[in-house]
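Would you be able to build a 3D model of this:
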Amino acid sequence: FAVLVLLVAVVASAEGAEAPVASAWCGNSVRVQISAQAGVTVLPESALIGACQPGAAQPLPLTNGNLKVTSEQPGSLTFTRVDTGAVLLLAKYAFAPSALNSSLSRVQLNVSLPSGQEEYVYGLGQGNWTDAGGLHSGCSVNAYRVPLVRNGQQVNLLQRKFHVSIPFIYSTAGYGLLFNMPGYGSVQVGAKGGSQWQADASNQLDFWVTTLPASAKTSDPYPIYAQYADATGHAPLLRDDATIFWQSRNRYRSSDIAIKVAEKYHALDLPVGVLVVDYHNQKVDGDWQPNPDCFPSVQGLVDAVRTNINATTVFSFWPEAKEGSTEFALLKAKGCLINSDLGGRAMDPTAAACRELMWTQFLKPHYFDQGVTAYWLDETDGEGTAGGDGNHGYDTSYGPAYQASNLWVNNWIRLFTEKVGETGLAPLVLTRGVWAGGQRYGPVLWSSDISSTFEQLAAQINLGVHTSVSGIPWWTSDVGGYGCGEAFPNNSTYMRELIVRWYQFGCFSPVFRTHGCRQDPDPDPFVAPCVHVPGSCGPNEIWSYGSDTQLILEKYVRARKQLQPYIQALARNVSAHGVPTARPLSFEFPTDAKAHGIDDQYMLGPDLLVAPVYIRNATARDVYFPAGAKWRHFFHSEQVVAGGQLLHIAAPLDDVPVYWRE
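The predicted structure is shown next:
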């Protein structure tokens, strides 16, 4: 990648480009826009919104609060912190012909610090590193824990399966940067800092920079996140039901099956907040209504789940419409179908008229009015678009995928949340993709179809933190793994240990949700008329792994309920101030040098230190306790540890090192 940048730099230039214009865009923040040439048409939507009443675009220089941006020479910008007079960062930009479209440009932005300075860079979304690490295509079998510090990493900015790229970074040098470009592109973060961004096909460079308020400590990340939320949108409050345990398995293919699961949880008196009905609940994708042979009364199902366990019922959707489905012809006639996707064609929510059609004629009457107010948006990361795992993306009303693909997903989420929010309900969607600014629609991101292995569990630990520090606060994994690729029977010693360790991690994740395609036989016989549907995988309820394991799993389902007031308080802080949920230790303890670079622990909110056990047969692990606090064990309150030390902590199978900060 570095060689590529050097070669491109020879032919790329700022000559011919329009002079930069800048807008004061929320506190201590500036949006910079540079057109490749005069008279270009820019995209009508971006990650940024105008809720903070940004100023009009104007020539440089511009000062907004504690940030000043100047341009001393063509192709170069300087960002300065006003209170100290110190140069914050330097930015050079250039345009070159695009290999994808001769009428567009390849756009480059090279961000650097003043000579001799270094930084740690965080963010850039879930997944992504190199071809040798991170989550891979297909069903993710090979797993690697992507380091929390992004220095030295390369990220493909096109969203695709397992790789939910968010082009926002937080720097310990005291700034945040959003590369507000929704098409194909990439970023390379330098080993000691700096970043080289590229958009492969655009007619404009658009980016946003924010810095700390006057007199704020450079080590404090939270004002940066507050200003980012002001600029891109604050997350709505997480629904109370979503703050406790979610129950799901590969498919509850009928109302009767789902209700029986709810009844059993009721009999066990376990706190379940969400029950999920997975994919293929429609006869054909594009019908936009549950299969009446299997779900004869959607309202009846919703009511039964609420009566038994007082939980929200979720139905799953795929974004394709197959030819021959009930609504295919209407969607096609209205111009709401775009490129190939999975076995059909992707629906296009970027046009307001299409969103209105899908809400008014499909989603509202067949789901929302029947009591289904929360939705699982599967396959939203581009998988299956023009084949493959998302290497094409979405050709929307905004333009071809190479220019605007990443704008598709936020509009798809918006379709399922905006009208719900207008009724006064907290919106709730589970999604496999989301782009910068998508937090304003209230999604919960999950890490896709992962294998059921300890290696995969280890890889998940940082994905939630990456997501959270990229501005998307709510994240979960398939607790137990989805089971594709390598997997083990429920009664195996491997799977029983794995499910316990994953429940422990899930309990102390931003969102706690089990899901999976287990290797055991389908426990539910086919009953007419619900027979012409795909089968389910093995069971994935807490009683599915033997009685001894069930007792341990129950402990963590109840612990999550005990934790609910803390999660609710965190949710209020997230909505008000844009703070991350899962955080690197260094965010809370920036002056503790030993807290930097720890990749297998994290803070859940400001006060919970989480150290998951992710190695098979382990009964203890090393835990670093940051200096400046005392730490009290979550389950064993008599155990108090002084900060500033690394200790080997016992972790028998039914226990996990989690500590309250004091």
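
Pretty sure Asn406 is one of the things Gln159 touches, is it not?
Yes: using Cβ atoms under 8 Å, Gln159 is in contact with Asn406, at 5.5 Å. Bear in mind the C-beta positions are built from the backbone N, C-alpha and C, glycine included.

Common neighbours of those two, please.
165, 393, 435 (Cβ atoms under 8 Å, 6 or more residues apart in numbering).

Format these as JSON lines; extra columns: distance to Thr373 and pLDDT.
Formatted as JSON lines, those follow (distance: Cβ to Cβ, whole Å; pLDDT from 0 to 100):
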{"residue": "Ser165", "distance to Thr373": "30", "pLDDT": "95"}
{"residue": "Gly393", "distance to Thr373": "29", "pLDDT": "95"}
{"residue": "Trp435", "distance to Thr373": "24", "pLDDT": "98"}
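
which residues of the stretch 551-662 of the chain fall in helices?
585-588 (DSSP state H, counting those that start in this stretch).

Do a quick rundown of the helices in the stretch 151-300 of the chain.
Assigned by DSSP H, counting those that start in this stretch, the stretch 151-300 of the chain shows helices spanning 222-232, 255-268, 298-309.

so how far is the second one off the chain centroid?
Pointing back at helix 255-268 there. On the basis of Cα atoms, centre = their mean, to the nearest Å, helix 255-268 sits 30 Å off its chain's mean C-alpha point.

What are the contacting residues of that helix?
247, 252, 272, 275, 277, 294-298, 300-301, 304-305, 308-309, 311, 313, 524, 527, 541-543, 554.

what do you get for stretch 369-378?
Residues from elsewhere that reach stretch 369-378 (Cβ under 8 Å, 6+ apart): 239, 242, 274, 276, 278-279, 298-299, 302-303, 312-319, 367, 412-413, 416, 420, 425, 427-432, 443.

Any quick PyMOL command for the buried ones out of those residues?
Here is the PyMOL command that selects the buried residues among the contacts of stretch 369-378 (16 or more other Cβ atoms under 10 Å):
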select buried, resi 239+242+274+276+278+279+298+302+312+313+314+315+316+317+318+319+367+412+413+416+420+425+427+428+429+430+431+432+443
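
Format the helices of the stretch 151-300 of the chain as JSON lines; extra columns: distance to Ala386 and mean pLDDT.
Listed next are the helices of the stretch 151-300 of the chain as JSON lines, based on distance: least, Cβ to Cβ, whole Å; pLDDT from 0 to 100:
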{"stretch": "helix 222-232", "distance to Ala386": "29", "mean pLDDT": "98"}
{"stretch": "helix 255-268", "distance to Ala386": "35", "mean pLDDT": "98"}
{"stretch": "helix 298-309", "distance to Ala386": "33", "mean pLDDT": "98"}
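
Just name the most buried of those.
helix 222-232 (a mean of 23; mean count of other Cβ atoms under 10 Å).

name the helices or strands packed onto it?
Under the contact criterion of 3 or more Cβ pairs under 8 Å, 6 or more residues apart in numbering; DSSP states H and E, helix 222-232 touches strand 29-35, strand 164-171, strand 175-179, strand 204-211, helix 547-577.

Would you mind giving these as a markdown table with distance to His532 added?
Conversion of the helices and strands packed on helix 222-232 to a markdown table gives the following (distance: least, Cβ to Cβ, whole Å):
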| stretch | distance to His532 |
| --- | --- |
| strand 29-35 | 54 |
| strand 164-171 | 35 |
| strand 175-179 | 48 |
| strand 204-211 | 50 |
| helix 547-577 | 34 |
